[in-house]
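**Student:** Got a sequence here, can you model it:
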Amino acid sequence: MAISVTEILGTDSLSGSRLVINDNFNVLASEINSMEVYFSPSAGTITNLNNLSSEALRVGLSTILLDINASTFDILTNVKMTGNLNMTGAGVFRNDTNIQTLNDTFAGGNTILVGTSTAIPAYTMNRVGNATGTDINITLYSGSIGQEIFFIYTEGSGGVKITGVANNLVLPGATNNDITLNAIGETVHLLAVDNGSGIPVWFLVGGVGYVIS
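**Tutor:** Prediction:
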């Protein structure tokens, strides 16, 4: 809401305008006090607003955590939900695909590490393949509880063997706790579940064509 004050002209007497000057200051002080119900310059906060309308919103200073504008809604940090998530749009789209294909070329004769002892696997969907007659080996490190990971065979016809670390891969009827994919179209879907002691272990929850050994 616009505020207005009484203009004092250059021809007006300063002493005669004392009441007008004081009234102007009172108007400004009243408006500032009204705004400071919502804005705190000293604390750098905004509170108690009933509505906020904006073309864009950015949260974060040196590191941007949330960026909303006319074309995108980007959340650039982890999200923790304590309530339900109800989706009424067209669907959920996952684009968290490893930019590399984990194959014999990528391996270069070595075991491929997915994750590390200090970092969970980076991608949800991992393309794998093998054009040689010798299995390539993938070591799967522990994820975060609730994390999902897919291995999708996309090229070749050689074996791709997935092995866990320190019994973090739980498979039904397994002897070696290995999962092998051998042909295009075969997949395996794993979910990190709390083992009852707060430690995540991978459980097999889906897939096609895989071999457990």
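**Student:** Give the burial count for the spatially closest residue to Leu66 that is not a sequence neighbour, as a bare number.
**Tutor:** In this structure, Leu66 finds its nearest non-sequential neighbour in Val59, 3.9 Å apart by C-beta to C-beta, 6 or more residues apart in numbering. C-beta coordinates here come from the backbone N, C-alpha and C atoms, glycine included. By the criterion of other C-beta atoms under 10 Å, Val59 has 13 neighbours.
**Student:** tell me, what residue is most central in the protein?
**Tutor:** For the chain, the residue nearest the mean C-alpha position is Asn78 (4.5 Å; C-alpha atoms, centre = their mean).
**Student:** Next, the distance between the ends of stretch 103-119.
**Tutor:** End-to-end span of stretch 103-119 (C-alpha to C-alpha, to the nearest Å): 21 Å.
**Student:** try stretch 170-177
**Tutor:** The stretch stretch 170-177 measures 7 Å between its terminal residues, going by C-alpha to C-alpha.
**Student:** Ok, stretch 162-180 next?
**Tutor:** End-to-end for stretch 162-180, by C-alpha to C-alpha: 6 Å.
**Student:** shift numbering so it begins at 2
**Tutor:** From this message on, residue numbering opens at 2, which makes the last subject stretch 163-181.
**Student:** Buried residues of that stretch, list them for me.
**Tutor:** Buried positions in stretch 163-181, judged by neighbour count with 16 or more other C-beta atoms under 10 Å: Ile163, Thr164, Gly165, Asn169, Leu170, Leu172, Asn178, Asp179, Ile180, Thr181.
**Student:** Would you check how far apart the residue nearest to the centre of the chain and Leu191 are?
**Tutor:** Distance, Asn79 to Leu191, by C-beta to C-beta, to the nearest Å: 21 Å.
**Student:** Tell me how far Glu149 lies from Gly157.
**Tutor:** In terms of C-beta to C-beta, Glu149 sits 25 Å off from Gly157.
**Student:** for Ala193, same thing?
**Tutor:** Relative to Gly157, Ala193 is positioned 28 Å away (C-beta to C-beta).
**Student:** Likewise for Phe26?
**Tutor:** Phe26 is 81 Å from Gly157, by C-beta to C-beta.
**Student:** Check Phe204 too.
**Tutor:** On the measure of C-beta to C-beta, Phe204 and Gly157 end up 27 Å apart.
**Student:** Look at these two and report which has more neighbours.
**Tutor:** Each of Phe204 and Gly157 has its neighbours counted (other C-beta under 10 Å); Gly157 has more, 19 against 15.
**Student:** which ones are touching that one?
**Tutor:** Asn104, Asp105, Gly130, Asn131, Ala132, Thr133, Ile185 (C-beta atoms under 8 Å, 6 or more residues apart in numbering).
**Student:** Pro173 too?
**Tutor:** Leu205, Ile213.
**Student:** Could you rerun that using 10 Å?
**Tutor:** With contact set as C-beta atoms under 10 Å, 6 or more residues apart in numbering, Pro173 has these partners: Phe204, Leu205, Ile213.
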